[in-house]
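J.: model the structure of this input:
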Amino acid sequence: MSIPRAKVMSELVAPFAVRARLTGEEYKVRFSHLWSAIATRHSDTIDCKFLVNGRGVVVALAHPGFVDFHQRAGRPLSDEETAQVAAAYLRAALESDCDSDRNQHFVSREEVLRLVGELGLLG
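T.: Numbering: from 1, shown residues only. The predicted structure follows:
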């Protein structure tokens, strides 16, 4: 009996490049992985790690946004959708030069739901 292999986590988001509007700096972004920070950092987030020009950057998505999504959509966000939400946030932050040197970004419940809507994940 064989068990089929799943997609490699680092392939949930294709690598992308972002150019900052103000400075013109280009960022090469690669998704690494995600994990529940509820256990590891005792925070109420799902953390997504990216490499931005080789530097580790964590996008911490507020878990209550996932709960709200589940209640509205009747299903949980998949890992791939979660990674897409984090990537959308990071892309916008880098484009707007929003603390591009920060190693961690916290995304509120409301912002998670806004991004979910923008990505068309609510159906």
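
J.: secondary structure element for residue 114?
T.: helix 109-118 (DSSP states H and E).

J.: and residue 32, by the same measure?
T.: strand 26-36.

J.: likewise for residue 50?
T.: Going by DSSP H and E, residue 50 is part of strand 45-52.

J.: which residues are in contact with that strand?
T.: 27-38, 40-41, 56-63, 66, 82-83, 86-87, 90, 94, 100, 106 (CB atoms under 8 Å, 6 or more residues apart in numbering). To be clear about C-beta, it is placed using only N, CA and C from the backbone, and glycine gets the same treatment.

J.: return the members of those residues classed as buried.
T.: Buried subset of the contacts of strand 45-52 (neighbour count, 16 or more other CB atoms under 10 Å): 27, 29, 31-32, 34, 37, 57-63, 66, 82-83, 86-87, 90, 94, 100.

J.: in the protein, mark out all the strands, start to finish.
T.: 16-19, 26-36, 45-52, 55-62, 104-107 (DSSP state E).

J.: which of the ones you listed sits closest to residue 123?
T.: Evaluated with CB to CB, the strands of the chain place strand 55-62 nearest to residue 123, the distance being 19.6 Å.

J.: average model confidence for that closest one?
T.: Across strand 55-62, pLDDT averages out at 96.
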